[in-house]
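>>> the sequence and its predicted three-dimensional model are supplied below.
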Amino acid sequence: MDWNGKPYHSLDYELKKQFGQKVYKLSLNGGMTCPGRDGTLGSGPCIFCSAGGSGDFAAPVMDSVHEQIEAAKLQVQRKMSGHGSYIAYFQSYTNTYAPLSHLRSIFTDAIRHPDIAALSVATRPDCLGPEVVDLLRELNSIKPVWVELGLQTIHESTACFIRRGYPLPVFESALLRLKEAGITVIVHIILGLPGETREMMLETVRYLAKGVVDGIKLQLLHILNGTDLARIYRDTPFPVLSMEEYLDLVIDCVELLPPDMTIHRITGDGPKKLLVSPLWSGNKRLVLNSLHRRFKERDTWQGKHFPL
């Protein structure tokens, strides 16, 4: 199978199909924190999370949403060829962890901007109460709304180790309520978490492949300076994936995914100034070129082994 020259259902392919043109993501900052960081969960943030709250490329919080959009557009337009539209992406920390009035204000400001084609909100499944889901449903009637959920793994032992802070049934409940509200849902998983075997990672992928998820982000584990994970790695080093191991693992994952599931990320690149390991991941172009070459060598594609 082929998705505009790629052996997987890429985000770029899906955006052009949905909107008929190139669409760019603008990383915005809603000025929020998360229940792991403010003491609500009493355990601290996820051990891999940097001070930027997984939004190291997002705009400064002091700017209004409109100002952030305009500034981010200028950054993107330097790389653009021709006209495009934009997705307002609230990325840093937990973007539904705030009073409903604040969420309504910032999300409405974003979605009403004439150049914004869709709203994307990164959050936790334990921060999606009924009123928040109702707000997202309401906004989805104006322009498409996506919600990104950080699952990372289905394995409770790993979830406890990384301090995810909620059990799997909480994710399942949130996913069901979002889908009932007509919301597009993208799920993040991390490949290479300490203690996880290849089969454990593939079990997480199979679990999502059998469900109602619309999109997935396959994220290589990055060990970043300033995180608890970096301290653990320095004190008691654990194995990290080599590039060769990652290429074959991520293709194994892609083979299991249904062909209509959009792959929003297939590797990821953390800020180089913070990256402790694996250092090879800092060369994103090399990784992606090597990955596409490996797909050809294996003569494979997304969904080759789906249905499971």
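Ah, there it is.

>>> can you list the weak-confidence ranges in the stretch 1-150 of the chain?
Residues of the stretch 1-150 of the chain meeting the criterion pLDDT under 70: 52-62, 81-82.

>>> quick one, strands of it?
Counting by DSSP state E, counting those that start in this stretch, the segments of the stretch 1-150 of the chain that form strands are 23-28, 85-90, 116-123, 145-152.

>>> how about these in JSON lines, adding mean neighbour count and distance to residue 214?
Quick note: C-beta positions are derived from backbone N, CA and C, even for glycine. Compiled in JSON lines, the strands of the stretch 1-150 of the chain are given as follows (neighbours: other Cβ atoms under 10 Å; distance: least, Cβ to Cβ, whole Å):
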{"stretch": "strand 23-28", "mean neighbour count": "22", "distance to residue 214": "16"}
{"stretch": "strand 85-90", "mean neighbour count": "23", "distance to residue 214": "14"}
{"stretch": "strand 116-123", "mean neighbour count": "23", "distance to residue 214": "12"}
{"stretch": "strand 145-152", "mean neighbour count": "23", "distance to residue 214": "8"}
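
>>> could you provide those in CSV, with additional columns for distance to residue 185?
Output for these, formatted as CSV (distance: least, Cβ to Cβ, whole Å):
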stretch, distance to residue 185
strand 23-28, 17
strand 85-90, 15
strand 116-123, 11
strand 145-152, 5
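
>>> of those strands, which is nearest residue 64?
If you check each of the strands of the stretch 1-150 of the chain against residue 64 by Cβ to Cβ, strand 23-28 wins as the nearest, at 10.2 Å.

>>> taking strand 85-90 as reference, get the angle to that closest one.
30 degrees (axes from the mean of the first three to the mean of the last three Cα atoms, to 10 degrees).

>>> ok, strand 23-28: who's next to it in the sheet?
strand 85-90 (parallel) (DSSP bridges).

>>> tell me which element residue 248 falls in.
Using DSSP states H and E, the element containing residue 248 is helix 243-256.

>>> show me what that helix is packed up against.
Helix 243-256 sits against strand 184-191, helix 198-209, strand 215-220, helix 284-298, with contacts defined as 3 or more Cβ pairs under 8 Å, 6 or more residues apart in numbering; DSSP states H and E.

>>> what are the buried residues along the longest one?
For helix 284-298, burial by neighbour count (16 or more other Cβ atoms under 10 Å) applies to 287, 290-292, 294-295.

>>> what does it contact?
Residues outside helix 284-298 that contact it (Cβ atoms under 8 Å, 6 or more residues apart in numbering) are 6-8, 243, 246-248, 250-251, 266-267, 269, 280-281, 301.

>>> mean confidence for it?
The average of the pLDDT scores along helix 284-298 is 96.

>>> how about that helix as CSV, C-alpha atoms only?
Only the C-alpha atoms of helix 284-298 are listed here, as CSV (Å, rounded to 0.1, in the frame of the first residue of the first chain):
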residue,chain,number,x,y,z
LYS,A,284,16.1,13.4,12.6
ARG,A,285,16.8,13.5,8.8
LEU,A,286,19.2,10.5,9.1
VAL,A,287,16.6,8.6,11.2
LEU,A,288,13.7,9.2,8.8
ASN,A,289,15.8,8.4,5.7
SER,A,290,17.1,5.2,7.3
LEU,A,291,13.5,4.3,8.3
HIS,A,292,12.1,4.7,4.8
ARG,A,293,15.0,2.7,3.4
ARG,A,294,14.3,-0.1,5.9
PHE,A,295,10.6,-0.2,4.9
LYS,A,296,11.8,-0.8,1.3
GLU,A,297,14.3,-3.5,2.4
ARG,A,298,11.6,-5.3,4.3
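
>>> any idea of the angle it forms with helix 243-256?
60 degrees.

>>> how much does helix 284-298 deviate in direction from strand 215-220?
Going by the same axes, to 10 degrees, helix 284-298 is angled at 110 degrees with respect to strand 215-220.

>>> what's the spacing between helix 284-298 and its chain's center?
Distance of helix 284-298 from the chain centroid (Cα atoms, centre = their mean, to the nearest Å) equals 21 Å.

>>> residue 184 touches residue 145, doesn't it?
Yes - Residue 184 is in contact with residue 145 according to Cβ atoms under 8 Å; the separation is 7.0 Å.

>>> and of the helices and strands packed on helix 243-256, who's closest to residue 259?
Among the helices and strands packed on helix 243-256, the nearest to residue 259 by Cβ to Cβ is helix 198-209 (10.7 Å).

>>> helices or strands up against that closest one?
Using 3+ Cβ pairs under 8 Å, 6+ apart, helix 198-209 sits against strand 184-191, helix 243-256.

>>> let me know the outermost residue of the chain.
residue 235 (28.5 Å; Cα atoms, centre = their mean).

>>> ok, it to residue 228 distance?
10 Å (Cβ to Cβ, to the nearest Å).

>>> any idea how far residue 168 lies from residue 160?
According to Cβ to Cβ, residue 168 and residue 160 sit 12 Å apart.
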